[in-house]
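Q: how would this look folded up:
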Amino acid sequence: MTSSVLVLGVDPHIVPGTNGAAILATLEAELARFAEYGIHASMTVFGPDETAGPKVVAALTERAWDVVLIGGGVRKSEQLLSLFEQIVNLIRIHAPGAAIAFNTTVDTIVEAARRHL
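A: Take a look at the predicted model:
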């Protein structure tokens, strides 16, 4: 059976002071790297608004996930602390069998997820 990883994060295009296109390109490259290890990976990005919860729930219930990775854009921002808590609790409810992983940088997503597979 193929392992599966869901990557959740704030849409990099809406993060002030960042090059959203460059970050998104790196994220897409990381998703492609998962295939090198025979891992199915998917990514869901969202804004820090009322649509985040429903988007995360839809992604979490799409399939059974082995690992759910929460990106640093959500975790590292004090302003997004309540969103981070909401996401952790949604994972507990909708993907209780999944490990939760955290990356250190945008190009370490594969390594972070593989620690839990």
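Q: quick one: neighbours of Val68, just the number.
A: Using other CB atoms under 10 Å, Val68 has 26 other residues around it. In this view, the C-beta of every residue, glycine as well, is placed from N, C-alpha and C.
Q: any chance of the backbone angles for Val67?
A: phi -140, psi 140 (degrees, to the nearest 10).
Q: Ser3 contacts Gly38, correct?
A: Yes - between Ser3 and Gly38 a contact is recorded at 7.5 Å, counting by CB atoms under 8 Å.
Q: ok, the two, which is more surrounded?
A: Legend: neighbour count by other CB under 10 Å for Ser3 and Gly38, higher for Ser3 (17 against 8).
Q: need the contact list for that one.
A: Shown in contact with Ser3 (CB atoms under 8 Å, 6 or more residues apart in numbering): 38-40, 66-67, 117.
Q: any idea how far Thr105 is from it?
A: 22 Å (CB to CB, to the nearest Å).
Q: who's in contact with the closest residue to Gly72 other than its chain neighbours?
A: Nearest non-adjacent residue to Gly72, counting by CB to CB, 6 or more residues apart in numbering: Asn103, 6.4 Å away. Residues in contact with Asn103, defined by CB under 8 Å, 6+ apart, are 69, 71-72, 109, 111-112.
Q: then Asp66?
A: By CB under 8 Å, 6+ apart, Asp66 lies in contact with 3-5, 97-99, 116-117.
Q: thank you, goodbye.
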